[in-house]
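Participant: Quick check, what structure comes out for this input:
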Amino acid sequence: MILPIVAYGDAVLKKEAKNITKEELDLTKLVADMFDTMNNACGIGLAAPQIGKSIRVFIADASPLEEDSSKDFKRVFVNPTILEEYGEEWSYNEGCLSIPGIRTRPGEAAGSGLRGRGWGC
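Facilitator: Below you'll find the model as predicted:
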């Protein structure tokens, strides 16, 4: 099911999302709905707060990118924590589904280490 995407400025995007457990909600349905919503909006990533849920879940599907290393990258992350960032900074054109029509070129580390539950889809 395609869900509405919350726009920049909404209170849910300003508050700290909470950790969750698998038992708290139907993650299978939530994740399927998030992928439907993200794909409908032509995105490659979506966080639960962007659909109005203040929980620490995000999804990513880098397969639309042209890089060969991204073709099979489709993941769900639950309660993630950034452990480290590494590599040289690089710049790319990035947008946000909660701020439609705006794009920027932030400098980011080449990679990062995450801790949390991650599931492939």
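
Participant: where does this protein dip in pLDDT?
Facilitator: Across the chain, the ranges flagged by pLDDT under 70 are 66-71, 90-93, 105-121.

Participant: Show me where it has its helices.
Facilitator: All helices of the chain, identified by DSSP state H, fall at 27-40.

Participant: got the residue ranges for the strands in it?
Facilitator: 45-47, 57-61, 74-86, 90-91, 94-96, 99-104, 107-108, 111-120 (DSSP state E).

Participant: Now the fifth one: buried residues?
Facilitator: Neighbour-count burial for strand 94-96, counted by 16 or more other CB atoms under 10 Å, picks out Cys96. From N, CA and C alone the C-beta is placed, and that goes for glycine too.

Participant: helices or strands up against it?
Facilitator: strand 99-104 (3 or more CB pairs under 8 Å, 6 or more residues apart in numbering; DSSP states H and E).

Participant: For the strand it packs on, which strands pair with it and how are they oriented?
Facilitator: Strand pairing for strand 99-104, using DSSP bridges, gives strand 94-96 (antiparallel).

Participant: Run the chain-centre distance for the partner strand.
Facilitator: Centroid displacement of strand 94-96 relative to its chain, using CA atoms, centre = their mean, to the nearest Å, is 11 Å.

Participant: Next: stretch 15-34.
Facilitator: On CA atoms, centre = their mean, the centre of stretch 15-34 falls 13 Å from the chain's centre.

Participant: Other residues contacting it?
Facilitator: Stretch 15-34 is contacted from outside by 1-3, 46-49, 51, 53-57, 59, 76, 78-79, 121, using CB atoms under 8 Å, 6 or more residues apart in numbering.
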